[in-house]
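# one predicted model, sequence on top.
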Amino acid sequence: MGRPSNPIRYVIFRIGLALARAGLIERERARRTTDLAWPRIVTGLARMSKNAADVAMVGLAVGTAAIAGVGFAASFWSLAFALGGGLAGGTIALVSQRFGAGAPREVGQAIRSSVLTVLAITIPLAALFLTFPAELIGLISNDPRVITLGTEYLRIVALGVPFAGLNLVGSRTLVGCDDAWTPMVLRSGGAVLNVAINALLLFGVGFGVRGAAIGTVLATVMITAAFALGFATGRVPGVGEFPVTADPFGTYADRETVSRLVRIGTPLIGTNLSWRIGEFPLLAVVGAFGTPVVAAFVIAQRVRGLMNTPGWGFSLASSSLVGQELGTGDERTAESYGTEVIRFASAVYLLAAGLVFVLARPVALVFVGSSANPALPFATLLIRAACVAVVFQGISRAATGPLRTSGDTRWPFYGQMAGMYVFAIPLAYVGTRTPLGLWGVVLALVLQMLVPAIVNYVRFRSGKWKIISRAYRTPAGADD
């Protein structure tokens, strides 16, 4: 079936053409990057819009305490993406290099081993959330109403945790095989369905935060089922053909493949967890400013998530394109792709962040509903801080792409740890104890992104990732 373009692709490619005319990137690389990135960006927009809609809808239906409660619970839910996404970073590294080397059977093995490994690490997490939701929310909040609402949400979304991890493996596999369209259709469609179910259960049935949680689980399971069907049969009706398949009855516990996945993915999991786990003390510190500030912080995070969606596309496009060139042994072209994707991503982020910075107050009003809401001025300030921070986040994510696909995944972990634990959390805490006040949170948001951007970019420029990649390459034609 045909794969039509859309306004997102048009805008991204026009920015790429402008950079090409300025001599900053090559036109053909701009086109290939755009073709891989834009479906993933649309996927990100759909999913982050879903997350933002969750917060906006529960805020309008239940109140500011619900925004805080869902925000706390969502931080636990996001651990599934930290674990699954880290492992999926190993998946795309193996898949893209094996696909580039023309080894489809090796790709199938990478898929099956990834499924086994992601289930092994997410099922225990789901059991933890299902068993102790109130105790977990109580670790970061002492507001009874917030704890009650957060507990309701977390207990239900726990059921979707393993499926969320599997979705990431499916998506990364297809992107590693030059197919960003199919995961866009599946995951974006799931996000739209999620919002529709949420609206029905929140406003039609009156389920409150439970309705938002049920919608999330149902949509996540349906997306997983579609990926499973596609990899098993080679196609999904109404979506199209898959570029690779994986025999569902083949070997899952292949020691060498699992070992490589764990070796590449563990630092990425550490990077993701350093971010996600760091959110808990950061949220607890922000809680010292009161529930309106917590709600504002959650709102700013959702807005930043929307602005960060270009990074979904550029990071994975870079991983795929750089990985494929490494698979053929062309390290020079691989480095050129990495450099130009960073420039491309930076330009897109600057434009998006600048627009939202100007419109920060109207954006905040969408979530709080009224100019009389005490969270409005705090949300406006923190949204503007997020606009500054997200530009650095874009550089960081684009620079991580080549490091991830080459297997050089330790330095992103170091950068993320330093940004969160050396700068962000201490600065926010200082704000609670000194006249710095809320500006401590503002500085925390910015430096949390600036530090990993510096670390990842410097590591990319060192070129050491090319040497590391040689240990993970499959010889061309290995399946012959």
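Arrived safely.

# following element in sequence after the longest helix along the chain, please.
When the chain is parsed with DSSP state H, its longest helix is helix 27-61. Heading C-terminal from helix 27-61, the first helix or strand you meet, by DSSP states H and E, is helix 64-77.

# what's the following helix or strand after that next one?
In N-to-C order, the element after helix 64-77 by DSSP H and E is helix 79-100.

# and that following helix, which residues are buried?
79-100 (16 or more other CB atoms under 10 Å). Just so you know, the C-beta spots here come from the backbone N, C-alpha and C atoms, and that holds for glycine as well.

# can you count the residues close to Ala253?
11 (other CB atoms under 10 Å).

# can you get me a residue count around Ala127?
Neighbours of Ala127 (other CB under 10 Å): 12.

# quick one: residues contacting Phe203.
Neighbouring residues of Phe203 by CB atoms under 8 Å, 6 or more residues apart in numbering: Met57, Ala61.

# how close does it sit to Ala212?
For Phe203, the distance to Ala212 (CB to CB, to the nearest Å) stands at 11 Å.

# overlap of the contact sets of those two?
Met57.

# now do the helix or strand harbouring Ala364 against helix 64-77, angle only.
Taking DSSP H and E as the criterion, Ala364 maps to helix 360-368. Between helix 360-368 and helix 64-77, the angle comes out at 90 degrees (axes from the mean of the first three to the mean of the last three CA atoms, to 10 degrees).

# contacts for helix 360-368, please.
Residues contacting helix 360-368 (CB under 8 Å, 6+ apart): 52, 55-56, 59, 64, 67, 295-296, 299, 302-303, 356, 371, 375-376, 379-380, 383-384, 387.

# can you list the buried residues in that helix?
Buried, per 16+ other CB under 10 Å, within helix 360-368: Ala360, Val363, Ala364, Val366, Phe367, Val368.

# in a markdown table: those residues, plus distance to Ala164 and pLDDT.
Below are the buried residues of helix 360-368 laid out as a markdown table (distance: CB to CB, whole Å; pLDDT from 0 to 100):
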| residue | distance to Ala164 | pLDDT |
| --- | --- | --- |
| Ala360 | 30 | 95 |
| Val363 | 27 | 93 |
| Ala364 | 28 | 92 |
| Val366 | 26 | 85 |
| Phe367 | 24 | 85 |
| Val368 | 28 | 82 |
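
# ok, which pair from these is furthest apart?
Using CB to CB, the pair of those lying farthest apart is Ala360 and Val368, separated by 12.5 Å.

# so Gly71 sits against Ala300, correct?
No: taking contacts as CB atoms under 8 Å, Gly71 lies outside contact range of Ala300: 10.4 Å.

# which of the buried residues of helix 360-368 lies closest to Arg112?
Looking across these and measuring by CB to CB, the closest to Arg112 is Phe367, at 41.9 Å.

# center of this protein, which residue is that?
Trp312 (6.4 Å; CA atoms, centre = their mean).

# one step back: of the contacts of helix 360-368, keep whichever come out buried.
So, by 16+ other CB under 10 Å, the buried ones in these are 52, 55-56, 59, 64, 67, 295-296, 299, 302-303, 356, 375-376, 379-380, 383-384, 387.

# wait, what's in contact with the residue nearest to the centre of the chain?
So Trp312 contacts Arg40, Ile41, Thr43, Gly44 (CB under 8 Å, 6+ apart).

# surely the last one meets Phe314?
Read it as Gly44. No: counting by CB under 8 Å, Gly44 stays clear of Phe314, with 10.5 Å between them.

# who's more crowded, the two?
Phe314 (29 against 24).

# tell me how far the closest residue to that one other than its chain neighbours lies from Pro39.
Nearest non-adjacent residue to Phe314, counting by CB to CB, 6 or more residues apart in numbering: Ala345, 4.0 Å away. Using CB to CB, Ala345 is found at 16 Å from Pro39.

# ok, the residue nearest to Leu436 when sequence neighbours are not counted to Ser75 distance?
Taking CB to CB, 6+ apart, and ignoring the residues beside it in sequence, Leu436 has Val430 as its nearest neighbour in space, at 5.8 Å. As judged by CB to CB, Val430 and Ser75 stand 22 Å apart.

# the two - which one has more neighbours?
Ser75 (23 against 16).

# pull the contacting residues for the more buried one.
Ile140, Arg276, Glu279, Phe280, Leu283.

# so the last one is in which element?
Element membership of Leu283, judged by DSSP H and E, is helix 255-287.

# you'd agree Val42 is up against Ser188?
Yes: the pair Val42 and Ser188 passes the contact test of CB under 8 Å, sitting 5.8 Å apart.

# those two: which is more packed in?
The residue with more neighbours, out of Val42 and Ser188, is Val42; 24 against 20, by other CB under 10 Å.

# pLDDT of the longest helix of the chain, averaged?
Averaged across helix 27-61, the pLDDT comes to 81.

# what does stretch 282-297 give?
88.

# and that stretch, end to end?
Terminal residues of stretch 282-297 are spaced 10 Å apart (CA to CA, to the nearest Å).

# contacts for that stretch?
For stretch 282-297, using CB under 8 Å, 6+ apart, the contacting residues are 59, 64-65, 67-68, 71-72, 75, 139-143, 146, 364, 368, 373-375, 378-379, 381-382, 420, 424-425, 428-429, 431-432, 438, 441, 444.

# where does pLDDT dip in the stretch 251-400 of the chain?
Counting by pLDDT under 70, not a single residue of the stretch 251-400 of the chain qualifies.

# how about a cut-off of 80?
264-276, 316, 327-329, 369-370, 372 (pLDDT under 80).

# now the residue nearest to the centre of the chain: which helix or strand?
helix 309-328.

# do a quick rundown of the helices in the stretch 101-250 of the chain.
104-131, 133-138, 144-157, 161-176, 181-199, 209-233 (DSSP state H, counting those that start in this stretch).

# got the angle between the longest one and helix 255-287?
Same thing as helix 104-131. 40 degrees.

# swap in the third one?
Following the same axes, to 10 degrees, one obtains 160 degrees for the angle between helix 144-157 and helix 255-287.

# alpha carbons of helix 144-157, as PDB, please.
This file holds the C-alpha atoms of helix 144-157, laid out as PDB (Å, rounded to 0.1, in the frame of the first residue of the first chain):
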ATOM      1  CA  PRO A 144      -3.900  12.100  51.100                       C
ATOM      2  CA  ARG A 145      -6.000  13.100  48.100                       C
ATOM      3  CA  VAL A 146      -3.000  13.000  45.700                       C
ATOM      4  CA  ILE A 147      -2.000   9.500  47.100                       C
ATOM      5  CA  THR A 148      -5.500   8.200  46.600                       C
ATOM      6  CA  LEU A 149      -5.800   9.300  43.000                       C
ATOM      7  CA  GLY A 150      -2.300   8.200  42.100                       C
ATOM      8  CA  THR A 151      -2.900   4.800  43.700                       C
ATOM      9  CA  GLU A 152      -6.000   4.300  41.600                       C
ATOM     10  CA  TYR A 153      -4.100   5.100  38.400                       C
ATOM     11  CA  LEU A 154      -1.000   3.100  39.100                       C
ATOM     12  CA  ARG A 155      -2.800  -0.100  40.200                       C
ATOM     13  CA  ILE A 156      -4.500  -0.300  36.800                       C
ATOM     14  CA  VAL A 157      -1.700   0.800  34.500                       C
END
